[in-house]
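>>> Here is a sequence with its predicted model. Questions after.
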Amino acid sequence: MTNTSPDFYRLMGPLLSRRHIVKEIGGPIWDDDGKQWWTALLGGKVAGFAAARDNDRRITFQSAYVLPEHRRNGLYRTLFYARMEAFPGRPIRAVCTTASLPMFLANGFTAAYKRGSFTEVHYDG
């Protein structure tokens, strides 16, 4: 889905500027044109989300989050693989948290550098 999808703001709007979410993922969650979004819905409500942006040269994974009450049940993994499947063979860049770093490394990403509790990772496709 994108920010032009009919249900985007109904689903994502309440989560886009939540301070605790922005703090945990390390920055604001922008609803940029062209950004693709994946959502994990439970009971019609967003339990987790992830986004990616294609700038023609590479894909940038952005804005991945699972609400605390829905963690440890595979939602992040499902969102991660959905993004990977959407861009087969493409180079990918992401900035990930300490919690998500093992998922990236286990799937062929390499750590480029670390800043605080965040690590930039690259995938060559």
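Looks like it arrived, so ask away.
>>> which parts of the helix or strand hosting H122 are buried?
If you go by DSSP states H and E, H122 is part of strand 118-123. By neighbour count with 16 or more other CB atoms under 10 Å, strand 118-123 contains the buried residues 118-119, 121-123. Glycine gets a C-beta too; all of them are placed from N, C-alpha and C.
>>> same check, this time on stretch 7-22
Neighbour-count burial for stretch 7-22 [16+ other CB under 10 Å]: 8, 11-12, 15-16, 21-22.
>>> try stretch 71-89
Per 16+ other CB under 10 Å, stretch 71-89 contains these buried residues: 75-76, 79-80, 83-84, 87.
>>> I'd like these written out as TSV, with distance to Q36 added.
Formatted as TSV, the buried residues of stretch 71-89 follow (distance: CB to CB, whole Å):
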residue	distance to Q36
L75	18
Y76	17
L79	12
F80	14
R83	8
M84	13
F87	9
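>>> List the ones among those residues that fall in helices.
Residues of the buried residues of stretch 71-89 located in helices (DSSP state H): 75-76, 79-80, 83-84.
>>> now, which of those sits nearest T39?
Sorting these by distance to T39 puts L79 at the head of the list, at 8.2 Å, by CB to CB.
>>> any idea how far that closest one lies from F49?
7 Å (CB to CB, to the nearest Å).
>>> Which residues are in contact with each of those two?
Residues within reach of L79 and of F49 at once, by CB atoms under 8 Å, 6 or more residues apart in numbering, are 38, 40, 64.
>>> which one of the residues you listed has the most neighbours?
Neighbour tally across these (other CB atoms under 10 Å): the maximum, 22 neighbours, falls on A64.
>>> With distance to A99, secondary structure and pLDDT added, can I get the shared contacts of L79 and F49 in JSON lines?
Output for the shared contacts of L79 and F49, formatted as JSON lines (distance: CB to CB, whole Å; DSSP: H, G, I helix; E, B strand; the rest coil; pLDDT from 0 to 100):
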{"residue": "W38", "distance to A99": "18", "secondary structure": "strand", "pLDDT": "98"}
{"residue": "A40", "distance to A99": "16", "secondary structure": "strand", "pLDDT": "97"}
{"residue": "A64", "distance to A99": "10", "secondary structure": "strand", "pLDDT": "95"}
